[in-house]
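>>> Structure for the following, please:
(one chain, ligands or ions: 1)
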Amino acid sequence: MAEFVIAIDGPAGSGKSSVSKEAARRLGFGYLDTGAGYRALALHGLNHPELTIEELLESFDYSISLDPDAAKVTLGEQDVTAEIRTERTASAVSQIAREPAVRAMQLLDARNRISACDKPGIVVEGRDITTVVAPDASLRILLTAQEAVRLARRGLENSESAENLKARDASDSKVVEFMTAAEGVYLVDTTDLDFESSVAEVLRLVEVVKHG
Ligand code: C5P
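Here you go, the predicted model:
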């Protein structure tokens, strides 16, 4: 069981994944990308359009590495690490993430993986980690950035993918609130921070909660 849990939420392009992964690496912690679970389920649904949500959940055989240096996601025997990042999967994910049965399953799955982590701590990132999955985390952070900056970081200015990303954020924020920080959650706005400064800010907050 990882003792020190760092929960990080935020919208797409806030730097959440890269910053979370690097912070985990430097702290010697595990790293859990909860979005990967939603993406893998969306891909499972695209592969099996004949199945209902209940059937998809029953047959969902998913694994994810908690090593920040070796991201690997599998569906059954198949390595889907790259395929869950495609535009096709991304555009199917918000719809499935809206289903209460899906959220209940992903919540349990994330908590089980946090409990099973054998490192001294774990960085868990997503949309509802600070509020639903790990409201008792040692440190909770909301990472944001202005929309134009988030799109630019992904190289998406003026493209169709930019519209998809905006649509995904809009749809996701109807399901869980991740644009404003809940009480006790540190807000880190990375609009004017580069990668290194963003990681440094997370590590500084670790020291703040450890030593006051
Ligand atoms: O973080 P990422 O962009 O990979 O997340 C993919 C999708 O999974 C999000 O757009 C959202 O619909 C869903 N998600 C969620 N709750 C989380 C993590 C991801 O609803 N904790």
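>>> Could I get the buried residue list for stretch 184-199?
185-186, 188, 190, 193, 198-199 (16 or more other CB atoms under 10 Å). No exception for glycine: its C-beta is placed from N, CA and C like everyone else's.
>>> for that stretch, the distance to its chain's centre please.
16 Å (CA atoms, centre = their mean, to the nearest Å).
>>> What is the burial count for Ala152?
When neighbours are defined as other CB atoms under 10 Å, Ala152 has 14 of them.
>>> Local confidence estimate at Ala182?
Note on Ala182: pLDDT of 83.
>>> thinking again about what came up before, the buried residues of stretch 184-199 in strands, which ones?
Those of those mapping onto strands are 186, 188, per DSSP state E.
>>> List just the nearest of the buried residues of stretch 184-199 to the ligand.
Val185 (14.2 Å; CB to the nearest ligand atom).
>>> Excluding chain neighbours, give the residue nearest to that closest one in space.
Spatial nearest neighbour of Val185, excluding adjacent residues (CB to CB, 6 or more residues apart in numbering): Arg140 at 4.4 Å.
>>> Would you agree that neighbour falls within a strand?
Yes - if the criterion is DSSP: H, G, I helix; E, B strand; the rest coil, then Arg140 is within a strand.
>>> Can we start the residue count at 425 from this point?
Got it, the first residue is 425 from now on, which makes the last one we talked about Arg564.
>>> Residue numbers of this protein in contact with the ligand?
436, 458-459, 462-463, 517-518, 521, 550-553, 592, 596 (CB under 6 Å from any ligand atom).
>>> ok, so of those, who is nearest Arg509?
Arg463 (7.4 Å; CB to CB).
>>> so which helix or strand takes in Glu549?
Per DSSP states H and E, Glu549 falls inside strand 545-550.
>>> State the mean pLDDT of that strand.
Mean predicted lDDT for strand 545-550 stands at 98.
>>> And the strands in the chain?
With DSSP E, the ranges of strands along the chain come out as 428-433, 454-457, 486-488, 497-499, 502-503, 545-550, 563-568, 610-613.
>>> which residues does the residue nearest to Val609 contact?
430-433, 553-554, 558, 606, 608-610 (CB atoms under 8 Å, 6 or more residues apart in numbering).
>>> Quick one: residues contacting Tyr486.
461, 464-465, 468, 497-499, 533.
>>> Let me know the distance separating it from Gln530.
According to CB to CB, to the nearest Å, Tyr486 and Gln530 sit 10 Å apart.
>>> Switch the strands of the chain over to JSON lines; also include distance to Phe602.
Listed next are the strands of the chain as JSON lines, based on distance: least, CB to CB, whole Å:
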{"stretch": "strand 428-433", "distance to Phe602": "5"}
{"stretch": "strand 454-457", "distance to Phe602": "15"}
{"stretch": "strand 486-488", "distance to Phe602": "20"}
{"stretch": "strand 497-499", "distance to Phe602": "22"}
{"stretch": "strand 502-503", "distance to Phe602": "29"}
{"stretch": "strand 545-550", "distance to Phe602": "8"}
{"stretch": "strand 563-568", "distance to Phe602": "7"}
{"stretch": "strand 610-613", "distance to Phe602": "11"}
